[in-house]
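> no FASTA, just this:
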């Protein structure tokens, strides 16, 4: 049981994404992300969870471990998991970040460049997220890659660490030793 994380039906996900027609991000190691508008008014980003066949040994357990990890993260500067969908096609539903990634904010020639005050605030926001993940999560969570592609910007240019699928907990590190 995951409090504050909603279980969606696959049909709800498909309807909210209009048949997966509005891709926000395609390809890459994290797969494709879709914009979704649910019947209750929630606007979110939907991403296919994991890779490969969910029936493959270990995949299902890894999916539920990732859900447990993501579902317990609650910080202003970490993109929040809103829900998930089970079944053959598993999806994760995250808060929608209106201004997309920091990389796009910095390198898109059609956007107004970020001023230095905003850039400094982004650095402070990311530091706060990393402090939360390392010092205030039990067990501590280490973000493997922090770069401008996985720092997302909300409507007010508040930075949030994202793509948490690349996270490792101290337990998984200890399990390998």
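Nice, thanks for sending it over. Note that the coordinates shown come from a computational prediction; the quantities given were computed from them, not determined experimentally.
> mind listing what's buried along the helix or strand where residue 65 lies?
Here residue 65 sits within helix 59-72, counting by DSSP states H and E. For helix 59-72, burial by neighbour count (16 or more other Cβ atoms under 10 Å) applies to 63, 66, 67, 69, 70, 71. Every residue, glycine included, has its C-beta placed from N, CA and C.
> which SSE is immediately downstream of that helix?
Following helix 59-72 in sequence order, the next helix or strand is strand 81-85 (DSSP H and E).
> in its sheet, what does that following strand sit against?
Here strand 81-85 is paired, per DSSP bridges, with strand 6-8 (parallel), strand 91-95 (antiparallel).
> tell me which of those strands sits most buried.
Sort those by mean neighbour count, taking mean count of other Cβ atoms under 10 Å, and strand 91-95 sits at the top with a mean of 23.
> ok and that one relative to helix 59-72, angle-wise?
Computed by axes from the mean of the first three to the mean of the last three Cα atoms, to 10 degrees, the angle separating strand 91-95 from helix 59-72 equals 10 degrees.
> show me the shaky parts of this structure.
Applying pLDDT under 70 to the chain picks out residues 1, 27-30, 50-59, 143-144, 164-177.
> with distance to residue 152 added, can I get the strands paired with strand 81-85 in JSON lines?
Compiled in JSON lines, the strands paired with strand 81-85 are given as follows (distance: least, Cβ to Cβ, whole Å):
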{"stretch": "strand 6-8", "distance to residue 152": "20"}
{"stretch": "strand 91-95", "distance to residue 152": "9"}
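> looking at those, which is nearest to residue 43?
Nearest to residue 43, of all the strands paired with strand 81-85, is strand 91-95, at 8.8 Å by Cβ to Cβ.
> state the next helix or strand along the chain beyond that closest one.
Once the chain leaves strand 91-95, the next helix or strand it forms, by DSSP H and E, is helix 102-107.
> buried ones in that following helix?
Under the neighbour-count criterion of 16+ other Cβ under 10 Å, helix 102-107 has 102, 104, 105 buried.
> so how far is the very next helix or strand once past that helix from its chain's centroid?
Counting by DSSP H and E, the next helix or strand C-terminal to helix 102-107 is helix 116-131. Distance of helix 116-131 from its chain centroid, counting by Cα atoms, centre = their mean, to the nearest Å, is 18 Å.
> other SSEs contacting helix 116-131?
Contacts defined by 3 or more Cβ pairs under 8 Å, 6 or more residues apart in numbering; DSSP states H and E place helix 116-131 against strand 151-153, strand 159-161.
> the closest residue to residue 158 other than its chain neighbours: neighbour count?
Computed as Cβ to Cβ, 6 or more residues apart in numbering, the closest residue to residue 158 that is not its neighbour in sequence is residue 125, at 6.2 Å. Residue 125 has 20 neighbours, counted by other Cβ atoms under 10 Å.
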